[in-house]
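Colleague: need a 3D model of the sequence below.
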Amino acid sequence: MSCWMPRCPALSMCRGVAALPITCLERAKELKSRLGILLHKPELAHRIGAASKLQLGSRQRDSSREVLEWRESFDQLLKSKNGVTAFHTFLKTEFSEENLDFWLACEDFKKTRSKTKLASKANRIFEEFVQSEAPREVNIDHETREITRKNLSGATSACFNEAQAKTRTLMEKDSYPRFLKSASYQDMTKQAASRGTSKRLHT
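Modeller: Below is the predicted model of the structure:
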């Protein structure tokens, strides 16, 4: 006569653990040991936390300084990856982001080394931004447009220089001042200034 006994969950678990490879069990013990050491060293945890706060504070200071530098000159804005992103977002609200996109495309074009790629890229940029009735036509005069067209016959890294310069001047004199006066940039400068004030109060 057999006697039925309820199955013990703990016993099943033990059997499952026992079935694991020895290397897994040893690794688990090692991790547990390391965790125990860390938990018993609060000064180490404190140093790690302090270092993280210092890094975060440093990034915030750099970001605040960067935002305020954008108003110093248009060059400072274009040198900043975050500045270009913020300016592009603003231009979208004015439906004139093609000017910046063209300028960026020209900057990328100048880095091209292959003559074959240079020619194909030049045609693509011209068709998208420069030719009359282009999908994203930039605001340049007829003379500059024709000079750029002729430059395509022997494409070099400088073939868009004149058109790019005209577009840059247009953004600097027209869109850039409005960007500095925009609500979005004013909010960014206020946040940057408040972070600077907060830092002085805590030092």
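Colleague: straight-line length of stretch 108-120, end to end?
Modeller: Its first and final residues considered, stretch 108-120 spans 13 Å by Cα to Cα, to the nearest Å.
Colleague: list the buried residues in that stretch.
Modeller: 109, 112, 118-119 (16 or more other Cβ atoms under 10 Å). The way it works is simple: take the backbone N, C-alpha and C, and place the C-beta from them, glycine included.
Colleague: dump those residues to TSV, plus distance to Q131 and pLDDT.
Modeller: Formatted as TSV, the buried residues of stretch 108-120 follow (distance: Cβ to Cβ, whole Å; pLDDT from 0 to 100):
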residue	distance to Q131	pLDDT
F109	16	97
T112	20	94
L118	18	94
A119	16	94
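Colleague: just the ones of those residues in strands?
Modeller: Using DSSP state E, no member of the buried residues of stretch 108-120 falls in strands.
Colleague: and which of the residues you listed is nearest G154?
Modeller: Proximity of these to G154 (Cβ to Cβ) peaks at A119, which lies at 9.1 Å.
Colleague: where along this structure do the helices fall?
Modeller: Along the chain, counting by DSSP state H, helices occupy 9-18, 22-39, 42-69, 74-79, 81-93, 97-110, 115-125, 142-151, 161-170, 176-181, 183-201.
Colleague: just give me the lowest mean pLDDT stretch among those.
Modeller: Looking over these, mean pLDDT reaches its minimum on helix 9-18, with a mean of 47.
Colleague: how about Q76, what does it touch?
Modeller: Residues near Q76 by Cβ atoms under 8 Å, 6 or more residues apart in numbering: 69-70, 83.
Colleague: quick one: which of those has the most company?
Modeller: Neighbour counts for these (other Cβ atoms under 10 Å) peak at W70, which has 25 neighbours.
Colleague: tell me how far K150 lies from L180.
Modeller: 37 Å (Cβ to Cβ, to the nearest Å).
Colleague: pick out whichever of the two has more residues nearby.
Modeller: Neighbours per residue (other Cβ under 10 Å) separate K150 from L180, with L180 holding more: 15 against 9.
Colleague: any idea how far that one lies from W70?
Modeller: Taking Cβ to Cβ as the measure, L180 falls 8 Å from W70.
Colleague: same question for R113.
Modeller: 32 Å.
Colleague: same check, this time on D187
Modeller: Counting by Cβ to Cβ, the gap between D187 and W70 amounts to 13 Å.
Colleague: quick check: closest non-adjacent residue to S182.
Modeller: Nearest non-adjacent residue to S182, counting by Cβ to Cβ, 6 or more residues apart in numbering: F90, 5.7 Å away.
Colleague: do the same with F160
Modeller: Spatial nearest neighbour of F160, excluding adjacent residues (Cβ to Cβ, 6+ apart): C106 at 4.7 Å.
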